[in-house]
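Participant: Sequence first, predicted model second:
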Amino acid sequence: MYELPIRRLRIFDKPKIISHFRNLDQETLKSRFGIPVGPEFVEFYLSGLFDNATLVFGALPDSHLRGVGELHIVPDSRNSVAEAAFTVEPAWQDQGVGDALLSRIITAARNRRVREVHMLCLATNQKMRRLALKHKADLNLITGQVEATVAAPWPTPFSLAEEISGEYHAMARAILSWPQTEAEDVG
Ligand SMILES: CC(C)(COP(=O)(O)OP(=O)(O)OC[C@H]1O[C@@H](n2cnc3c(N)ncnc32)[C@H](O)[C@@H]1OP(=O)(O)O)[C@@H](O)C(=O)NCCC(=O)NCCS
């Protein structure tokens, strides 16, 4: 079965992340941040992306970064609560990329003993609501925004192995397609 390559993104992946956010249209950015935002806001946001306790995962269905999932551990929550956010490039939406990223974020949260993952989205965001429901989230409507809470069970040897094997799979793909990826990403 085809497994969509998803791997942890690090600070040296920043150029790829910036390029991914540049490929997002106004609608996607508004859905991501809850309000219309311009390039300066996105640039400022990305400058602090890896600060604090944030884990960033990337989906690379065609060896390029097409989707990003962020897991922000909420300070002072004794690491038990985190907030998740997602972006998938418009041309790659509705193809299971968001679903795969959400699964990986839940596994990562679980492995770090995070008990609750919160996701905020606009009430009109049917795709995110659908994904949250698929992953058994309780949805709370808060004036125009929907907060979805996904309970992350305690880690098991299987969930740890799942995250490690996911990393290995994506890494293997990246190495195999190295010359093409790097050459195309430069422009
Ligand atoms: C929300 C988002 C991350 C989802 O990613 P995606 O790759 O498009 O999602 P998937 O393809 O995995 O799943 C989308 C699901 O919504 C369903 N869907 C699509 N349009 C829908 C609609 N109008 N009503 C109900 N469900 C809909 C799809 O059928 C699919 O469900 P299925 O797997 O049961 O068929 C992506 O669309 C995105 O980046 N949106 C803009 C940013 C955003 O809203 N982020 C979330 C807030 S942080």
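Facilitator: Sure thing, it's come through. Numbering: from 1, shown residues only.

Participant: so what's the residue in the chain positioned nearest to the ligand up against?
Facilitator: Using C-beta to the nearest ligand atom, the single residue of the chain nearest to the ligand is residue 98, 2.1 Å away. (C-beta placed from N, C-alpha, C; glycine too.) Contact analysis of residue 98 by C-beta atoms under 8 Å, 6 or more residues apart in numbering lists 67, 86, 88, 127, 128, 131.

Participant: most surrounded residue in these?
Facilitator: residue 88 (26 neighbours; other C-beta atoms under 10 Å).

Participant: Can you name every helix or strand that whichever strand or helix holds residue 70 contacts?
Facilitator: Taking DSSP states H and E as the criterion, residue 70 maps to strand 67-73. Packing contacts for strand 67-73, counted by 3 or more C-beta pairs under 8 Å, 6 or more residues apart in numbering; DSSP states H and E, involve helix 14-22, strand 54-59, strand 81-88, helix 97-111.

Participant: The same query, at a cut-off of 6 Å, please.
Facilitator: strand 54-59, strand 81-88, helix 97-111 (3 or more C-beta pairs under 6 Å, 6 or more residues apart in numbering; DSSP states H and E).

Participant: what's the angle from the last one to strand 54-59?
Facilitator: Taking axes from the mean of the first three to the mean of the last three C-alpha atoms, to 10 degrees, one finds that helix 97-111 is oriented at 140 degrees with respect to strand 54-59.

Participant: Pull out whichever of the contacts of residue 98 are also neighbours of the ligand.
Facilitator: Applying C-beta under 6 Å from any ligand atom to the contacts of residue 98, one finds that 86, 88, 127, 128, 131 fall near the ligand.

Participant: Which pLDDT value does the model give the fourth one?
Facilitator: Translated: residue 128. Model confidence at residue 128, given as pLDDT, is 89.

Participant: can I assume it sits in a helix?
Facilitator: Yes. Counting by DSSP: H, G, I helix; E, B strand; the rest coil, residue 128 is part of a helix.

Participant: what is the residue nearest to it when sequence neighbours are not counted paired to in the beta sheet?
Facilitator: Counting by C-beta to C-beta, 6 or more residues apart in numbering, residue 128 lies nearest to residue 121, which is 4.1 Å off, once chain neighbours are set aside. Here residue 121 sits in beta bridges with residue 146, as judged by DSSP bridges.

Participant: ok, the residue minimising distance to the centre of the chain - contacts?
Facilitator: For the chain, the residue sitting closest to the mean C-alpha position, by C-alpha atoms, centre = their mean, is residue 69 at 0.6 Å. By C-beta atoms under 6 Å, 6 or more residues apart in numbering, the contact set of residue 69 is 57, 86, 101, 105.
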